[in-house]
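A.B. asks: Output the structure for:
(2 chains)
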Protein chains: 2
Amino acid sequence: MISVKKAIHIMAKNVEILGKEEIPLENSNMRVLAKDIEVLIDVPPFDRAAMDGYAIKAEDTSKSSPQNPIYFEVIAEIGAGEVSKVNLNHYKSVKIATGAPMPQGSDAVVMEENVPKINSQIKLTQPVDFNQDVALQGEDLKKGEIILKKGHILSPNQLALVASSGHSKTKAIKKPKVGVIITGNELVDPTTHLEPGMIINSNKYALKGLIEDCMAVPYLSLGEDNLKTIISQLENNINKFDAVITTGGTAISRGDVVVEAVQELGEVLVHGVSVKPGKPFGFGLIEDKPVFMLSGYPVAAAVQFDILVREQILKMQGINLDIKLLECAAGSNVRSTQGKYNVIRGHLEDGTVYPIKTKAGINKSIIQSNCYILTDENTGKVRKGEKCQVLKYKELKIC
Amino acid sequence: MISVKKAIHIMAKNVEILGKEEIPLENSNMRVLAKDIEVLIDVPPFDRAAMDGYAIKAEDTSKSSPQNPIYFEVIAEIGAGEVSKVNLNHYKSVKIATGAPMPQGSDAVVMEENVPKINSQIKLTQPVDFNQDVALQGEDLKKGEIILKKGHILSPNQLALVASSGHSKTKAIKKPKVGVIITGNELVDPTTHLEPGMIINSNKYALKGLIEDCMAVPYLSLGEDNLKTIISQLENNINKFDAVITTGGTAISRGDVVVEAVQELGEVLVHGVSVKPGKPFGFGLIEDKPVFMLSGYPVAAAVQFDILVREQILKMQGINLDIKLLECAAGSNVRSTQGKYNVIRGHLEDGTVYPIKTKAGINKSIIQSNCYILTDENTGKVRKGEKCQVLKYKELKIC
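C.D. replies: Next up, the predicted model:
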């Protein structure tokens, strides 16, 4: 049996980031960039009006004042999306819509509402700055500039920025396809007529959702508790997917059928971790692809996923799960075991964390809790009022 | 022009929650319950062993001590998933695996590692409690109990609990199908060869992602800037989807083609809101379905979505967006306009928020910011060091 830290270290050394793929930009929300985004075109692509108004030469206004108004003849009009061939001379103006290209010879815009129009002339009573209300070519995004770095997870508004910089596709890191093999001859689908000895297969639902929450793609299958079948299922999953998660068949005291199968096909690098619950966790490689072996016991499998697996699945797609632990006072005694890395469901409220008191095997604590209390191998019991490390479930979500 | 508060009030009164649908439990991650989850079967369904050990009658151990060991004959063995017909008599025991049903007549389990086995007998040297290491029928989940309430968003571990309580399906609120009509004859797909007057259609990408982030389903189409086409596109979208979002064609000073089309087919309830940027926002109903009319201008459309639309899309699926605003000191002067509800991109760091200084129309602020600074119609300018309301982008995510 090894420590949680050691197990994570072994997995981190052996789990590789996946390759890249080119995908349409519109399907890139929440995807991880495999390459920096470089701006391909200046934005705006030309000097353009930043307001509805009149394009003029700014220098013509330098001496204008209420006492000395200066008049400009309006010689043309440019709508949004239009291009004008006008070449503007002194004391001429062009009516221009926001976003339209500035006509040749012009260098400022006066806002429509600030200048009275008299017949075909506008009247200016104060000086206008050079480039006033002009959006200059490249002032938003400059060709060649890097706006988002490799490893970044794209958000909707960033997609818009990537589009504006000229890209209709992105290079993203592949989403991990994760095969899930649920073993246990006693497992049945949810039913209200449970035969004696049968247990409802709840791991299936939890694992599908947990993998989805990691932005990976789950592929579920049921396994049988015998070596030959498990071996062939593992081979099949390893051929098709990037990683495999199994549940059941790992208990150190029992048949260990899954561990044996992984040993047969590849290499078992971890079997038995000092995590409580979840001791019989296993990790191996088959054809360099990771196999995570979880307990059949749902309470243990959920903890093993959160503490040991989640980080690796995210890492495969280039995401670093940066968990912030809180230090909180315990609202009652925490019964954690020295020598174990204890993962105890808790309820955090107003900075105080209350361990959920249940017997082993009670699943209802899932809905009564909003965090884990974590105590490492050296901590032992935490008394009421003492500080302990808290991991809010919310911290586990990357999306 | 009405206030943001008034606009939200009008929309809230007119946007309805969608109906329910039955879906397989395995597709229910992140779905909103349309009905309470009632437990259909006791969990455990029978009294079962909570440890690997020996099932006995607890009363037989009452006088045991190291000086006075009591011996139990092991008469049978029950594995996980097995059922035994044994009826246990005094001073007899059955070897039992964790999870196996307790045999008739037994009422406690002694852990395997705590009792030496001598030939076919186990030796007890201390009393055992009634029901020790027995998981009692219904102690985890009791038939008839409500474990999750209508309106709750299901998480992976909760799916497992729902499965255990006997459900293979859930009643969930439908996901909104949202038609998106992007208008603007000047819009083109991302390209590095932008014709003069053309603008890259970036709203398409932002809106697809924003709708996905609301757990709704986007359906994109391009519109043309003419009344007849827009009317027929709106009709088509209203027939197929639960809500429609348009961009462009709402500017109060221009053609208002989209607003006119909605007025033609239904009713415009909001047109012009004191939000900055985003004033030309519109809201209407066609056949009781909401139509949200956003600006074509990407910076404005993004703000209109976040401040005015997001909440309504979530509400359609029964989700209450409970945004927590922070009160933070401004790191520099915030140029907000009195009489407007100002939405200013900012960067929050160590409790101080810095407004991003950009000209209107600069999109790059999207990647430089991590929050909005919000100042309502009565606030006006906020000086460096003064407090202001901050909305972290992270708060807008429900998943």
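A.B. asks: Strands along the stretch 51-200 of chain A, start to end?
C.D. replies: Under the criterion DSSP state E, counting those that start in this stretch, the stretch 51-200 of chain A carries strands at the ranges A:53-56, A:70-78, A:92-96, A:108-111, A:117-118, A:121-124, A:134-135, A:146-148, A:169-173, A:177-182, A:187-188, A:199-200.
A.B. asks: any chance of those in JSON lines, plus mean pLDDT, distance to residue B:285 and mean neighbour count?
C.D. replies: Glycine gets a C-beta too; all of them are placed from N, C-alpha and C. Compiled in JSON lines, those are given as follows (pLDDT from 0 to 100; distance: least, CB to CB, whole Å; neighbours: other CB atoms under 10 Å in any protein chain shown):
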{"stretch": "strand A:53-56", "mean pLDDT": "96", "distance to residue B:285": "36", "mean neighbour count": "28"}
{"stretch": "strand A:70-78", "mean pLDDT": "95", "distance to residue B:285": "36", "mean neighbour count": "17"}
{"stretch": "strand A:92-96", "mean pLDDT": "96", "distance to residue B:285": "36", "mean neighbour count": "25"}
{"stretch": "strand A:108-111", "mean pLDDT": "95", "distance to residue B:285": "35", "mean neighbour count": "22"}
{"stretch": "strand A:117-118", "mean pLDDT": "90", "distance to residue B:285": "39", "mean neighbour count": "12"}
{"stretch": "strand A:121-124", "mean pLDDT": "96", "distance to residue B:285": "42", "mean neighbour count": "18"}
{"stretch": "strand A:134-135", "mean pLDDT": "94", "distance to residue B:285": "36", "mean neighbour count": "24"}
{"stretch": "strand A:146-148", "mean pLDDT": "97", "distance to residue B:285": "39", "mean neighbour count": "17"}
{"stretch": "strand A:169-173", "mean pLDDT": "98", "distance to residue B:285": "37", "mean neighbour count": "20"}
{"stretch": "strand A:177-182", "mean pLDDT": "97", "distance to residue B:285": "43", "mean neighbour count": "24"}
{"stretch": "strand A:187-188", "mean pLDDT": "92", "distance to residue B:285": "48", "mean neighbour count": "18"}
{"stretch": "strand A:199-200", "mean pLDDT": "90", "distance to residue B:285": "45", "mean neighbour count": "22"}
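A.B. asks: Of those, which is nearest residue A:239?
C.D. replies: Nearest to residue A:239 among the strands of the stretch 51-200 of chain A is strand A:177-182; the distance by CB to CB comes to 9.5 Å.
A.B. asks: Determine the set of other helices and strands touching that closest one.
C.D. replies: Applying 3 or more CB pairs under 8 Å, 6 or more residues apart in numbering or on different chains; DSSP states H and E, one finds that strand A:177-182 makes contact with helix A:203-213, strand A:217-222, helix A:227-240, strand A:243-247.
A.B. asks: Parallel or antiparallel, list what pairs with it.
C.D. replies: Partner strands and pairing direction for strand A:177-182 (DSSP bridges) are strand A:217-222 (parallel), strand A:243-247 (parallel).
A.B. asks: So which residues make contact with it?
C.D. replies: A:201, A:203-204, A:207-208, A:211, A:216-223, A:230, A:233-234, A:237-238, A:240-248, A:258, A:313 (CB atoms under 8 Å, 6 or more residues apart in numbering or on different chains).
A.B. asks: try 6 Å
C.D. replies: A:203-204, A:207, A:211, A:216-223, A:233, A:237, A:241-247 (CB atoms under 6 Å, 6 or more residues apart in numbering or on different chains).
A.B. asks: Report the buried members of these.
C.D. replies: Buried residues within the contacts of strand A:177-182, counting neighbours by 16 or more other CB atoms under 10 Å in any protein chain shown: A:203-204, A:207, A:211, A:216, A:218, A:220, A:223, A:233, A:237, A:241-247.
A.B. asks: Could you pull up the residues touching residue A:71?
C.D. replies: For residue A:71, the contacting residues are A:121, A:123, by CB under 6 Å, 6+ apart.
A.B. asks: Quick check: phi and psi at residue A:301.
C.D. replies: Dihedral angles of residue A:301 (phi, psi; degrees, to the nearest 10) stand at phi -60, psi -40.
A.B. asks: Name the nearest residue to it, ignoring sequence neighbours.
C.D. replies: Distances taken as CB to CB, 6 or more residues apart in numbering or on different chains place residue A:294 nearest to residue A:301, at 4.3 Å, with adjacent residues excluded.
A.B. asks: what's the neighbour count on residue A:116?
C.D. replies: If you count neighbours by other CB atoms under 10 Å in any protein chain shown, residue A:116 ends up with 11.
A.B. asks: so it touches residue A:124, yeah?
C.D. replies: No. Using CB atoms under 6 Å, residue A:116 makes no contact with residue A:124, being 9.5 Å away.
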